[in-house]
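Novice: below are the sequence and a predicted model for it; my questions follow.
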Amino acid sequence: MSYGVILIRILPECRADDFLGGELYLNTNKFFGEIDGADTVRFDPFDGIDQSLQVKEISIAAPGEDWTPIGGIINPVVFRSTESERLNVFCMYMLTDQSDQTFDTRNLAFGETAVLIANPIEFLRRVKVAATALGKEAFHGPVEYVDKQTYHGGMGPFRKFNDHDYQNEFRIVLTNGTGEPCRLNIGDIRDIAVKGPSKDIPKLKQSAGEDA
């Protein structure tokens, strides 16, 4: 990435000390697609799908007869695999110094506390070391947001529909999952992180813009 990045974990205050102590709780890829609709900020039934296809037409035919189109297709047609459902996922907000990024206050629903990772490179290094010790491989990166009405192709844990682009998400994904949530302890991160109210994140963005 050719721009400045601060990773932020927005969470309830009661969970902040565990995270600062280096305890990462990673739910399954399947879990995120099954969150109840009452949780409006997290609800996304398409989260974690493997394919999103724009289907123009489906037809059927009996042997020796002409093909007959079937109506009522609702796009996109999506597919999930049981293998990808076992991946473990950790989600963060990615604040950048790009001028076109704005902080959407809907993100404050994730929690009243923000833990800012001032050194993302070191943070991710510790994640990879801890993952390797557990026999897992860690992948990370920003989520790409695509148009649900036009996108045709692969999805996966690093691609979501753009009705959630306000979350500006950065994800850590662990392989070799068991189908259950997992905990990853990377050691205390207070040397590279600071805690504050999540409502102050817009001020950070304003400061970044002024510095640029």
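Specialist: Arrived safely.

Novice: what are the pairing partners of the longest strand anywhere in the chain, and which direction each?
Specialist: In the chain, taking DSSP state E as the definition, the longest strand is strand 88-96. In the sheet, strand 88-96 lines up against strand 5-11 (antiparallel), strand 23-28 (antiparallel), strand 169-174 (antiparallel) (DSSP bridges).

Novice: the very next helix or strand once past it to strand 169-174, inter-axis angle?
Specialist: Counting by DSSP states H and E, the next helix or strand C-terminal to strand 88-96 is strand 113-117. When axes from the mean of the first three to the mean of the last three Cα atoms, to 10 degrees is applied, the directions of strand 113-117 and strand 169-174 differ by 70 degrees.

Novice: can you give the distance of strand 113-117 from its chain's centre?
Specialist: Centroid displacement of strand 113-117 relative to its chain, using Cα atoms, centre = their mean, to the nearest Å, is 16 Å.

Novice: avg pLDDT for the next helix or strand after that strand?
Specialist: The first helix or strand that comes after strand 113-117 along the chain, using DSSP H and E, is helix 120-133. Averaging pLDDT along helix 120-133 yields 97.

Novice: distance between helix 120-133 and the chain's centre?
Specialist: Its chain's C-alpha centre lies 18 Å from the corresponding centre of helix 120-133 when counted by Cα atoms, centre = their mean.

Novice: now the strands paired with strand 88-96 as CSV including mean pLDDT?
Specialist: Putting the strands paired with strand 88-96 into CSV (pLDDT from 0 to 100) gives the following:
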stretch, mean pLDDT
strand 5-11, 95
strand 23-28, 97
strand 169-174, 97
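
Novice: of all those, which one is nearest G64?
Specialist: Of all these, it is strand 23-28 that lies closest to G64, at 46.8 Å by Cβ to Cβ. Using the backbone N, CA and C atoms, a C-beta is placed for each residue, glycine as well.

Novice: low-scoring stretches of this structure, by residue?
Specialist: 1-3, 205-212 (pLDDT under 70).

Novice: would you turn the strands paired with strand 88-96 into JSON lines with distance to H152 and mean neighbour count?
Specialist: Formatted as JSON lines, the strands paired with strand 88-96 follow (distance: least, Cβ to Cβ, whole Å; neighbours: other Cβ atoms under 10 Å):
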{"stretch": "strand 5-11", "distance to H152": "30", "mean neighbour count": "20"}
{"stretch": "strand 23-28", "distance to H152": "26", "mean neighbour count": "18"}
{"stretch": "strand 169-174", "distance to H152": "22", "mean neighbour count": "22"}
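
Novice: can you add distance to K160 and give these back as CSV?
Specialist: Formatted as CSV, the strands paired with strand 88-96 follow (distance: least, Cβ to Cβ, whole Å):
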stretch, distance to K160
strand 5-11, 17
strand 23-28, 16
strand 169-174, 7
